[in-house]
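Chemist: Give me a 3D structure for the following:
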Amino acid sequence: QVQLVESGGGLVQAGGSLRLSCAASGRTVSSYAMGWFRQAPGTEREFVASISWSGSSIYYADSVKGRFTISRDNAKNTVYLQMNSLKPEDTAVYYCAADPARRLRLGVHAYENDYWGQGTQVTVSS
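Modeler: Below is the predicted model:
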């Protein structure tokens, strides 16, 4: 079993930056694809970014390309999401995800991925 714990969320003004972290425990996730989803009130959980087990393959949602950067440190069993140029529409609960059956990328639909964190709130004020 894998436990994922997110941190780094908070309140920031539009144009600001935040860095989210997701620490995994219980089992090494160095061979899993990992990534981030987000969910705003009244909406479905949506894909944000995914990174392969080695870090060599990265995918972003169009809405965050050029502003967000995903990375991972397998020695620390941790994945990161650097968020720059934040917009009010980025406001959501951000969830870390991992899937032992996937090495190159997460499924783009939330139901396709097995392990989830509890989420961290990101609020961007205008």
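Chemist: Could you check how far the nearest residue to S17 once chain neighbours are set aside is from D90?
Modeler: Leaving aside its chain neighbours, S17 sits nearest to N84 (4.7 Å; criterion: CB to CB, 6 or more residues apart in numbering). For the C-beta atoms, the positions are set from N, CA and C on the backbone; glycine is no exception. With the distance defined as CB to CB, to the nearest Å, N84 ends up 10 Å from D90.
Chemist: Between those two, point out the one with more neighbours.
Modeler: D90 (22 against 14; other CB atoms under 10 Å).
Chemist: per-residue confidence at the closest residue to the more buried one other than its chain neighbours?
Modeler: In this structure, D90 finds its nearest non-sequential neighbour in V124, 5.2 Å apart by CB to CB, 6+ apart. Per-residue pLDDT puts V124 at 98.
Chemist: Helix or strand for V124, just tell me which one.
Modeler: strand 120-125 (DSSP states H and E).
Chemist: Give me the distance between the two termini of stretch 47-60.
Modeler: 8 Å (CA to CA, to the nearest Å).
Chemist: can you give me the offset of that stretch from its chain's centre?
Modeler: 10 Å (CA atoms, centre = their mean, to the nearest Å).
Chemist: contact partners of it?
Modeler: 30-38, 61, 64, 68, 70-72, 74, 79, 81, 94, 103-106, 108-110 (CB atoms under 8 Å, 6 or more residues apart in numbering).
Chemist: same deal with stretch 12-25?
Modeler: Outside stretch 12-25, the residues touching it (CB under 8 Å, 6+ apart) are 2-10, 34, 36, 76-88, 94, 96, 98, 117, 120, 122-126.
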